[in-house]
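S.K.: For reference, the sequence and a predicted model appear below.
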Amino acid sequence: MPSRKNRRFDRKAFDRLGALDMGDGSASTACEVLDISEGGARLRPLICAPEVLPDRFTLLLSVCGRVRRICRVAWRSASEMGVQFNKAGKSSF
């Protein structure tokens, strides 16, 4: 996990549920969004370990899925993962 002083954006506690859309037609995976910033977030997947998730996916931040961020995994631990948000219009999928 990067040290706080090396982050470009300040993170704010968020503590809400989100979903991870893998983009392959499978069901989304529930997660807790523990904190968030303009550039990324810290997530805790609720159904599976972070190590089994792909390196890139879409984070759904609203129930209807209209608020979403394309993500790249920056780091993983046994129960959490940090992601960076891709800039608007720059999907690398």
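M.R.: Arrived safely, thanks for sending. Residues are numbered from 1 along each chain as shown.

S.K.: how near is T58 to D10?
M.R.: 24 Å (Cβ to Cβ, to the nearest Å). Glycine gets a C-beta too; all of them are placed from N, C-alpha and C.

S.K.: more crowded one of those two?
M.R.: In this view T58 and D10 are compared by other Cβ atoms under 10 Å, and T58 has more residues nearby, 19 against 10.

S.K.: Give me the mean pLDDT for the helix or strand in which that one is found.
M.R.: Following DSSP states H and E, one finds T58 within strand 56-60. Mean pLDDT, strand 56-60: 97.

S.K.: Dump the C-alpha coordinates for it into PDB.
M.R.: Only the C-alpha atoms of strand 56-60 are listed here, as PDB (Å, rounded to 0.1, in the frame of the first residue of the first chain):
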ATOM      1  CA  ARG A  56      -9.000  -4.000 -14.500                       C
ATOM      2  CA  PHE A  57     -12.700  -3.600 -14.000                       C
ATOM      3  CA  THR A  58     -15.500  -1.000 -13.600                       C
ATOM      4  CA  LEU A  59     -16.500   0.100 -10.100                       C
ATOM      5  CA  LEU A  60     -20.200   0.800  -9.800                       C
END
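
S.K.: roughly how far is it from the heart of the chain?
M.R.: 6 Å (Cα atoms, centre = their mean, to the nearest Å).

S.K.: and the next element down the chain from that strand?
M.R.: strand 68-76.

S.K.: and that next one, which residues are buried?
M.R.: With burial defined by 16 or more other Cβ atoms under 10 Å, the residues of strand 68-76 counted as buried are R69, I70, C71, V73, A74, R76.

S.K.: Excluding chain neighbours, what is closest to M22?
M.R.: F57 (5.2 Å; Cβ to Cβ, 6 or more residues apart in numbering).

S.K.: Next up, the contacts around that neighbour.
M.R.: By Cβ atoms under 8 Å, 6 or more residues apart in numbering, the contact set of F57 is L20, D21, M22, G23, C71.

S.K.: nearest spatial neighbour of the second one, skipping sequence neighbours?
M.R.: Read that as D21. Nearest non-adjacent residue to D21 (Cβ to Cβ, 6+ apart): T58, at 4.3 Å.
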